[in-house]
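>>> model this:
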Amino acid sequence: MKLFLRHILLFGVLFFVVEKGLYFFIQNAPQKEHDKRLELILEGKMKKDIVIIGSSRGANNISAKQLEDETGMSCYNLSYRGSSVVFHEFILKTLILHNNKPKKVLLVIDNGYQFLKNHSLHFRFDRLFPLKNYSYINDKLIENNKKSYISNFLYSVKINREDFSLKPKRVYEVNVMTSHGSKLLSGKNNEKLDYKSEIKSYDINDEELHKLNSFKAIQEMCSKNDINLYFVFTPGLMSFDNDFLTRFKELVNADEKIIVYDTLNKRYKEKNIYRDHTHMFSNGAEIFTSEISEFINSNK
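Numbers count the residues shown, from 1 in each chain. Just a heads-up that it's a prediction; the model follows:
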């Protein structure tokens with residue numbers, strides 16, 4: 001009986017030591033990340049007048065620093081590559097919960113794909129995993145079956161394999177951020193890139209309900225918190241999808257502001273400002289950001 005109790009005690013001591021050791025790796029996980037934006041939001045350090053929320057179109061095609069300079073309002077880009085409108089709802093909700101609410105939100109729309117099932121637009125759980133030591137984040141992971149409820153009590157259940165590496169995460173060129181969170185692209189244009197005039201017809205039956213619900217929730221959050229919400233359609237080296245815009249207007253209030261790039265501006269048909277059909281180089285982002293600044297300044 002004594003031997004059994006000794007084994008139980010020894011196991012308890014070893015388990016305690018291992019658990020404490022695992023905590024070090026979990027606590028260190030955020031330090032390896034280049035992208036600190038979500039952590040800044042959780043720490044209440046994202047106090048900006050204007051925030052830009054969207055996918056890579058928002059990250060690449062709008063310069064937050066330029067917008068700040070041209071409007072005189074503090075600005076930060078919270079757009080994440082490959083993120084869906086469901087993730088955008090999460091970012092805005094988290095921002096309002098932990099920070100002073102912004103005065104304006106620019107929600108960048110993925111023209112034609114915003115509400116459709118699309119493998120390239122999803123909830124960016126990879127941005128949450130390094131921050132799971134925040135109970136708010138871990139609860140979100142549990143809610144989505146990415147972590148077990150037991151992770152609230154045991155580090156051995158909370159930890160991921162990637163946490164054991166102490167090396168900083170590799171930062172690819174497309175993920176390098178400016179001081180204001182934008183990911184402005186530089187490089188040589190693709191000579192084979194041509195203007196795309198053909199548009200696939202928009203089918204409302206392909207829309208996903210949870211994305212429509214998230215979009216509605218974003219509008220309600222802004223209305224409830226007296227935040228000016230702007231819907232932004234960025235340029236592309238392609239014909240504009242008017243069918244989607246017609247559908248989009250059915251989902252917003254008539255008095256809400258929609259910013260559509262100047263489709264008559266010939267510069268938006270020059271391929272030297274595009275990396276691909278939907279993402280602009282920094283010279284293209286500069287042109288479009290000026291359009292947004294003019295719109296905001298004229299609506300103050």
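
>>> pLDDT below threshold where in the chain?
Scanning the chain for pLDDT under 70 picks out the ranges 1-19.

>>> Let me see the ranges of the strands in it.
Listed in chain order, the strands of the chain (DSSP state E) span 50-53, 75-77, 104-108, 228-233, 257-260.

>>> Include distance to residue 36 and mean neighbour count when you put those into CSV, please.
(C-beta placed from N, C-alpha, C; glycine too.) Below are the strands of the chain laid out as CSV (distance: least, Cβ to Cβ, whole Å; neighbours: other Cβ atoms under 10 Å):
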stretch, distance to residue 36, mean neighbour count
strand 50-53, 15, 26
strand 75-77, 12, 27
strand 104-108, 20, 25
strand 228-233, 24, 20
strand 257-260, 28, 16
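
>>> for those, which one sits closest to residue 283?
strand 75-77 (17.4 Å; Cβ to Cβ).

>>> Dump the strands of the chain to a markdown table, plus distance to residue 98.
Listed next are these as a markdown table, based on distance: least, Cβ to Cβ, whole Å:
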| stretch | distance to residue 98 |
| --- | --- |
| strand 50-53 | 13 |
| strand 75-77 | 14 |
| strand 104-108 | 15 |
| strand 228-233 | 19 |
| strand 257-260 | 26 |
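
>>> Would you tell me which of these gets closest to residue 143?
Nearest of the strands of the chain to residue 143, taken as Cβ to Cβ: strand 50-53 at 20.7 Å.

>>> And the contacts of the closest one?
Residues from elsewhere that reach strand 50-53 (Cβ atoms under 8 Å, 6 or more residues apart in numbering): 58, 62, 64, 67-68, 71, 73-79, 88, 91-92, 95, 102-108, 181-182, 232, 296.

>>> Direction included, what does that strand pair against?
Next to strand 50-53 in the sheet, as set by DSSP bridges, lie strand 75-77 (parallel), strand 104-108 (parallel).

>>> Reformat the ones you listed as CSV; add distance to residue 191.
Below are the strands paired with strand 50-53 laid out as CSV (distance: least, Cβ to Cβ, whole Å):
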stretch, distance to residue 191
strand 75-77, 29
strand 104-108, 28
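
>>> closest one to residue 286 among these?
strand 75-77 (14.2 Å).

>>> so who does the closest residue to residue 175 other than its chain neighbours touch?
Spatial nearest neighbour of residue 175, excluding adjacent residues (Cβ to Cβ, 6 or more residues apart in numbering): residue 183 at 6.4 Å. By Cβ under 8 Å, 6+ apart, the residues touching residue 183 are 56, 59-60, 77, 79, 81, 174-177.

>>> So which of those residues is the closest to residue 253?
For these, the residue nearest residue 253 by Cβ to Cβ is residue 79; the value is 23.4 Å.

>>> show me the contacts for the nearest residue to the closest one once chain neighbours are set aside.
Leaving aside its sequence neighbours, residue 79 sits nearest to residue 58 (Cβ to Cβ, 6+ apart; 3.1 Å). Residues counted as contacts of residue 58 (Cβ under 8 Å, 6+ apart) are 52, 77, 79, 106, 108, 232, 234.

>>> ok, residue 193 - how many residues close by?
By the criterion of other Cβ atoms under 10 Å, residue 193 has 14 neighbours.

>>> May I have the phi/psi pair for it?
phi -80, psi 120 (degrees, to the nearest 10).

>>> I figured it hits residue 273, correct?
No: contact criterion Cβ atoms under 8 Å: residue 193 and residue 273 do not qualify, at 10.6 Å.

>>> wait, isn't residue 181 in contact with residue 64?
Yes: counting by Cβ under 8 Å, residue 64 is a contact partner of residue 181 at 5.6 Å.

>>> between those two, which one's more packed in?
When residue 181 and residue 64 are compared for neighbours, residue 64 comes out ahead with 28 against 24, by other Cβ under 10 Å.

>>> Identify the residue nearest the residue nearest to the spatial centre of the chain in space, chain neighbours excluded?
When Cα atoms, centre = their mean is applied to the chain, the residue found nearest the centroid is residue 80 (3.2 Å). In this structure, residue 80 finds its nearest non-sequential neighbour in residue 124, 5.2 Å apart by Cβ to Cβ, 6+ apart.

>>> Would you mind measuring from the one you found to residue 288?
Counting by Cβ to Cβ, to the nearest Å, the gap from residue 124 to residue 288 is 24 Å.

>>> Who has more neighbours out of these two?
Neighbour tally, residue 124 and residue 288, criterion other Cβ under 10 Å: the higher count belongs to residue 288, 24 against 19.

>>> surely the more buried one meets residue 234?
Yes: in this structure, residue 288 is within contact of residue 234 by Cβ under 8 Å, at 6.2 Å.
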